[in-house]
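Colleague: Kindly return the folded structure for what I paste below:
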Amino acid sequence: MSKRLPGEREAIEGARVATATAAGLLSSADLVAGVGSYGIARSLAVLALEESVKARTLGAIAAAASYGGRPGFSDDDLRKIVYGGHRERHDAGFVQHVAATFPAAYGG
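Modeller: As a prediction, this is how the structure comes out:
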């Protein structure tokens, strides 16, 4: 049985938590880089990116739920992004970046 997608309120709270986590990871990456531990800093920055993708996805779920629309990914893809691992979030982050940078690429 696959996990259910969060409802509007759950997605809002999840986006808030994921955003705070991403900000904390990025701040930690900055501190660690400041003392010369660049490998650890890079790893923390990548984790921050992954959390920001999760936050953006949860925000899209909440926004779509508020007007009865669809968030832009299939339910299966949304579950992979929210509950999955590194690869799923990296792939989704690329798509999110292209969509934000080149909206006409997706018919918008």
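
Colleague: where do the helices sit along the chain?
Modeller: Secondary structure of the chain by DSSP state H: the helices cover 8-34, 38-67, 75-83, 86-101.

Colleague: Quick check: which of these is nearest to Ser2?
Modeller: helix 75-83 (5.9 Å; Cβ to Cβ). In short, each C-beta sits where N, CA and C put it, glycine included.

Colleague: same question for the closest one, mean pLDDT?
Modeller: For helix 75-83, mean pLDDT rounds to 92.

Colleague: Now do it: everything it contacts.
Modeller: By Cβ atoms under 8 Å, 6 or more residues apart in numbering, the residues outside helix 75-83 that reach it are 2-3, 5-6, 14, 53-54, 57-58, 61, 71, 73, 88-89, 92.

Colleague: Sort out which residues of stretch 55-65 are buried, please.
Modeller: 55-65 (16 or more other Cβ atoms under 10 Å).

Colleague: Alright, that wraps it up for me.
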